[in-house]
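**Q** need a structure here:
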Amino acid sequence: MKVLVTGVAGFIGYSLTRQLLARGDSVIGVDVVNDYYDVRLKEARLAKLVEAGGERFTFLRQDFADYTGLVAALEPHRFDRVVHLGAQAGVRYSIENPHAYVSANLVGHLNLLEVARHRGVEHMVYASSSSVYGGNTQLPFSVADRVDHPLSLYAATKKADELMSETYAHLYRLPLTGLRFFTVYGPWGRPDMMMWIFTKAILAGQPIPVFNHGDMYRDFTYIADIIAGVIASLDNPPPDDGAVKAGGSLKPHRLYNIGNHRSEHLMKVIEILEAECGRKAEIDFQPMQPGDVRQSFADIDAISGDLGYKPTTSIDVGVPNFVRWYKDYVGT
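**A** Reported below is the predicted structural model:
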């Protein structure tokens with residue numbers, strides 16, 4: 001199978017592409033490689049993909065928010081399916097730079113829907129986010145829940161992506177699957193994410209910012225489990241059979257949570273980080289940040305029932321794996 005993957009230099013895009021190449025697929029990777037975080041990390045990921053894929057990996061340094069440029073870059077290439085993972089990430093950054101989210105997450109998503117429609121792809125999987133659940137208080141979060149009250153612009157753009165996708169599934173019968181990721185972490189992760197920030201600070205003897213005075217819970221999901229869910233989704237396009245799909249659509253459009261189905265206390269994760277780093281954390285307790293939520297918890301019954309998805313990595317295994325990788329990567 002030949003797969004188009006956007007955001008290929010990113011954390012999830014890189015990890016997915018490694019697995020697709022390992023099983024023998026060919027990948028066309030698209031990424032603008034912007035400087036939202038250290039470009040050297042993105043380039044290191046790309047180098048690993050070139051090494052792993054050889055001629056089966058093609059990289060296009062292209063902004064997918066530029067539709068004309070994207071179409072021109074893709075014109076020589078054939079692909080069967082699409083995994084659209086590229087986006088402007090970050091809840092807090094969406095408060096500082098909202099226009100970046102409109103370009104990447106709204107315009108960019110529409111562009112990929114148009115590419116998928118005109119190229120007649122078999123299936124497009126796209127990244128949504130657990131952030132769409134916003135102020136929901138019923139736990140665990142289910143894809144059957146209403147998600148009409150986002151707490152950040154980032155969350156609003158991801159909800160909008162789901163709505164645009166529903167429209168394309170209706171108008172063009174384009175098979176689509178949206179994945180609501182829950183707090184992804186693991187080797188080759190992003191420097192702006194909590195696991196990296198805390199590990200770096202603890203090893204350096206610097207304070208770590210802990211919001212809501214530590215009363216925070218997250219459904220931490222290890223990268224290998226995330227990728228297992230993405231590939232299972234990619235391999236199983238939703239049928240256009242008029243039946244109700246996960247998320248409520250009657251069209252060929254599914255929505256799935258991909259989480260670990262465990263809501264872990266943030267302080268427990270900090271304890272594991274302390275043990276792996278070999279020193280106590282200096283904690284700077286702070287109030288809740290604008291746009292943030294106190295707790296996330298994924299109901300994964302839909303993807304488990306449809307695709308057999310079963311996460312296997314607990315934080316007791318995953319967090320030490322990340323710290324070991326981090327020490328090796330930064331040379332600590």
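
**Q** where in the stretch 151-300 of the chain is pLDDT low?
**A** Along the stretch 151-300 of the chain, segments meeting pLDDT under 70 are nowhere present.

**Q** Output the residue ranges of the strands in it, listed in chain order.
**A** Counting by DSSP state E, counting those that start in this stretch, the stretch 151-300 of the chain has these strands, from start to end: 176-181, 184-185, 207-210, 217-218, 221-222, 253-258, 264-265, 282-285.

**Q** Now mean neighbour count and distance to Tyr326 too, for these, in a markdown table please.
**A** To be clear about C-beta, it is placed using only N, CA and C from the backbone, and glycine gets the same treatment. Formatted as a markdown table, the strands of the stretch 151-300 of the chain follow (neighbours: other Cβ atoms under 10 Å; distance: least, Cβ to Cβ, whole Å):
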| stretch | mean neighbour count | distance to Tyr326 |
| --- | --- | --- |
| strand 176-181 | 26 | 21 |
| strand 184-185 | 24 | 11 |
| strand 207-210 | 16 | 14 |
| strand 217-218 | 22 | 19 |
| strand 221-222 | 26 | 14 |
| strand 253-258 | 28 | 23 |
| strand 264-265 | 17 | 19 |
| strand 282-285 | 13 | 18 |
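
**Q** any idea where the helices of the stretch 51-200 of the chain begin and end?
**A** Ranges of helices within the stretch 51-200 of the chain are 67-74, 93-96, 98-101, 108-119, 153-172, 194-204, based on DSSP state H, counting those that start in this stretch.

**Q** And those: which comes nearest Ile303?
**A** The closest of these to Ile303 is helix 153-172. By Cβ to Cβ, the value is 15.4 Å.

**Q** in stretch 286-299, what counts as buried?
**A** Buried residues in stretch 286-299, counted by 16 or more other Cβ atoms under 10 Å: 291, 293, 295-299.

**Q** thinking again about what came up before, for the strands of the stretch 151-300 of the chain, give me CSV that also has distance to Val102.
**A** Conversion of the strands of the stretch 151-300 of the chain to CSV gives the following (distance: least, Cβ to Cβ, whole Å):
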stretch, distance to Val102
strand 176-181, 19
strand 184-185, 23
strand 207-210, 28
strand 217-218, 27
strand 221-222, 27
strand 253-258, 22
strand 264-265, 33
strand 282-285, 33
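
**Q** Minimum distance to Phe141: which of those strands has it?
**A** Evaluated with Cβ to Cβ, those place strand 253-258 nearest to Phe141, the distance being 6.6 Å.

**Q** what's next to that closest one, contact-wise?
**A** The set of residues external to strand 253-258 that reach it, using Cβ atoms under 8 Å, 6 or more residues apart in numbering, is 128, 130, 141-143, 162, 165-166, 169, 175-182, 221, 225-226, 229-230, 233, 238, 245-249, 298-300, 302-303, 306-307, 309.

**Q** now stretch 89-109
**A** Stretch 89-109 is contacted by residues 6, 10, 36, 64-65, 67, 84, 86-88, 126, 131, 152-155, 157-158, 160-161, 164-165, 190, 192, 289-292 when judged by Cβ under 8 Å, 6+ apart.

**Q** List only buried entries from those residues.
**A** For the contacts of stretch 89-109, a burial check counting by 16+ other Cβ under 10 Å picks out 6, 10, 36, 64-65, 67, 84, 86-88, 126, 131, 152-155, 157-158, 160-161, 164-165, 190, 291.

**Q** Ser128 versus Ala155, what's the distance?
**A** To Ser128, Ala155 is 10 Å away according to Cβ to Cβ, to the nearest Å.

**Q** And for Tyr326?
**A** Counting by Cβ to Cβ - Tyr326 and Ser128 are separated by 27 Å.

**Q** These two: which has the busier surroundings?
**A** The residue with more neighbours, out of Tyr326 and Ser128, is Ser128; 27 against 21, by other Cβ atoms under 10 Å.

**Q** That one contacts Leu179, correct?
**A** Yes: the pair Ser128 / Leu179 is scored as a contact, 6.0 Å apart, by Cβ atoms under 8 Å.

**Q** Return the residues in contact with the residue nearest to Asp66 when sequence neighbours are not counted.
**A** Nearest non-adjacent residue to Asp66, counting by Cβ to Cβ, 6 or more residues apart in numbering: Asn111, 8.0 Å away. By Cβ under 8 Å, 6+ apart, the contact list for Asn111 reads 64-67, 70.
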